[in-house]
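Asker: Pasting a predicted model and its sequence here:
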Protein chains: 2
Amino acid sequence: CNIPELVNKAPLVEFIQTHVTITATKAGEIADRFTEKTVDKDNILFEEGKVCNEYYFLVNGFVRAYTFDTKGDDITTSFYTNNQVVCELFSFFKRGHAQETFRALTNCTTWYITFEDLQVAFHSMPEFREFGRSMLVGSYAELKHRMLSMLHQTAEERYINLLINSPDIFQYAPLKDIATYLGITRTSLSRIRKELSKK
Amino acid sequence: CNIPELVNKAPLVEFIQTHVTITATKAGEIADRFTEKTVDKDNILFEEGKVCNEYYFLVNGFVRAYTFDTKGDDITTSFYTNNQVVCELFSFFKRGHAQETFRALTNCTTWYITFEDLQVAFHSMPEFREFGRSMLVGSYAELKHRMLSMLHQTAEERYINLLINSPDIFQYAPLKDIATYLGITRTSLSRIRKELSKK
DNA sequence: GGCATTAGTTGCCATTTGGCAATTATCAGG
DNA sequence: CCTGATAATTGCCAAATGGCAACTAATGCC
């Protein structure tokens, strides 16, 4: 464990500590199972059709996940930024082929762990298991919240909330991709923005 | 372990075996941690505002989960039927107050395990951990699929798919609740049904 | 800097969905 | 069986969102 690694891993250690009750030492042991990897802007972290084998912790950067609908149109399923786990969870844990692609919208610094290493670490470190579960439950809750916004909010309300809660998305992602994330067309998003600018 | 229990637990044992690679004996050991509980029609399995402490396996019956939007209107978040896990996962695992209520639409037969017992069992039985994770990942994937349907399908398409994939929902739930589940008003659902009946 | 490509906006109009109120259908309880 | 309550449908119209095409703005590349 050399000094640059120690420095770079600090965000990951902190992240682990904010999600499970754990000593810095234990959190450090978990973090040690991760390997650093940088991904350049516009490059792919994980591609559709493959079995996801890396569980990424995004230290720094911006990532868009997308898939294609039945007409072949590109749909944004999620955005990821600093201090988030980037992973196609179903493919990763169930070892199936994924239908999503994760692409870097900026240069990204990540720490990742492979499925095999994670399985081993889960087995030997109860705290890591707890952490993994916490991540899974957190992702589920976040998605449920977004689902609820689709069920009862208008496109304008969803747009405003995104603007308030995730302003950085607007800094890195084109509006056309934000539109599909909100479940509307870029034309409608454009008009919603125009209406709001009047107010 | 008496005979009625053995008989009744068979669906749970089978369910476990279809989700993780495990012997019948081990699956039976897991199932033994669960306790039977019946819930009568219209009664509540879990109520909003509390910390969810039971992880239910629904052997037989039909359940609706719902919450309230900002206007105070009732919104269906999910339906559950035979051989499904019924639980507010975020509240259960993160020990927070839930914003959902689960109500029986029919008489229900369930097997449940409490949070404390589940924690103990997770710790001592790796297969149970694997099962728990499989459930979590499965719920996540299902929700993601539904999210995607909200992003790119019309209300009519979502209705048709629900009709095909979950016809039993229409047997037990009133249309007004199905409408909120689909993210539309009961008026619109009524019109969609009328249009389709013409074809 | 110029040019090609992609992104974003706007006008025009169609389609989808919603809101409200009246009406009809269904269902549970006395 | 009657009756009140709730669910479902329908008409009328408004609002939200989409489709297409034209236009403008931004961006990347040589």
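Answerer: Alright, I've got the coordinates.
Asker: What ranges does chain A have for its helices?
Answerer: Counting by DSSP state H, one finds helices in chain A at the ranges A:3-19, A:24-31, A:89-94, A:115-124, A:126-152, A:155-165, A:167-172, A:175-182, A:186-198.
Asker: A:Lys50 is nearest to which of these?
Answerer: The closest approach between A:Lys50 and any of these, judged by Cβ to Cβ, belongs to helix A:89-94 at 7.8 Å. From N, CA and C alone the C-beta is placed, and that goes for glycine too.
Asker: What are the contacting residues of the closest one?
Answerer: Contacts with helix A:89-94, where a contact means Cβ atoms under 8 Å, 6 or more residues apart in numbering or on different chains, come from A:50-55, A:96-98, A:115, A:136, A:139, B:133-134, B:137-138, B:140-141, B:144.
Asker: which sections of chain A are below the confidence cut-off?
Answerer: For chain A, the stretches with pLDDT under 70 are A:1-7.
Asker: which bits of it sit near DNA strand C?
Answerer: Of all the residues in chain A, those in contact range of DNA strand C (Cβ under 7 Å from any atom of the strand) are A:Pro174, A:Leu175, A:Lys176, A:Arg186, A:Thr187, A:Leu189, A:Ser190, A:Arg191, A:Arg193, A:Lys194.
Asker: export those residues to JSON lines and tack on distance to A:Leu89 and neighbour count?
Answerer: Formatted as JSON lines, the residues of chain A next to DNA strand C follow (distance: Cβ to Cβ, whole Å; neighbours: other Cβ atoms under 10 Å in any protein chain shown):
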{"residue": "A:Pro174", "distance to A:Leu89": "26", "neighbour count": "12"}
{"residue": "A:Leu175", "distance to A:Leu89": "28", "neighbour count": "12"}
{"residue": "A:Lys176", "distance to A:Leu89": "26", "neighbour count": "15"}
{"residue": "A:Arg186", "distance to A:Leu89": "28", "neighbour count": "14"}
{"residue": "A:Thr187", "distance to A:Leu89": "33", "neighbour count": "10"}
{"residue": "A:Leu189", "distance to A:Leu89": "28", "neighbour count": "20"}
{"residue": "A:Ser190", "distance to A:Leu89": "33", "neighbour count": "14"}
{"residue": "A:Arg191", "distance to A:Leu89": "35", "neighbour count": "14"}
{"residue": "A:Arg193", "distance to A:Leu89": "32", "neighbour count": "13"}
{"residue": "A:Lys194", "distance to A:Leu89": "37", "neighbour count": "9"}
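Asker: From the contacts of helix A:89-94, list just the buried residues.
Answerer: Judged by neighbour count, with 16 or more other Cβ atoms under 10 Å in any protein chain shown as the criterion, the buried members of these are A:52-55, A:98, A:115, A:136, A:139, B:133-134, B:137-138, B:140-141, B:144.
Asker: which among the residues you listed gets closest to DNA strand D?
Answerer: Ranking the buried ones among the contacts of helix A:89-94 by separation from DNA strand D, with Cβ to the nearest atom of the strand as the measure, puts B:Lys144 on top at 19.4 Å.
Asker: give me the number of residues near the closest residue to A:Thr70 other than its chain neighbours?
Answerer: Closest residue to A:Thr70 apart from its sequence neighbours, by Cβ to Cβ, 6 or more residues apart in numbering or on different chains: B:His152 at 7.7 Å. Using other Cβ atoms under 10 Å in any protein chain shown, B:His152 has 16 other residues around it.
Asker: for A:Ser166, same thing?
Answerer: For A:Ser166, the tally of surrounding residues (other Cβ under 10 Å) stands at 15.
Asker: Nice, that's everything, thank you.
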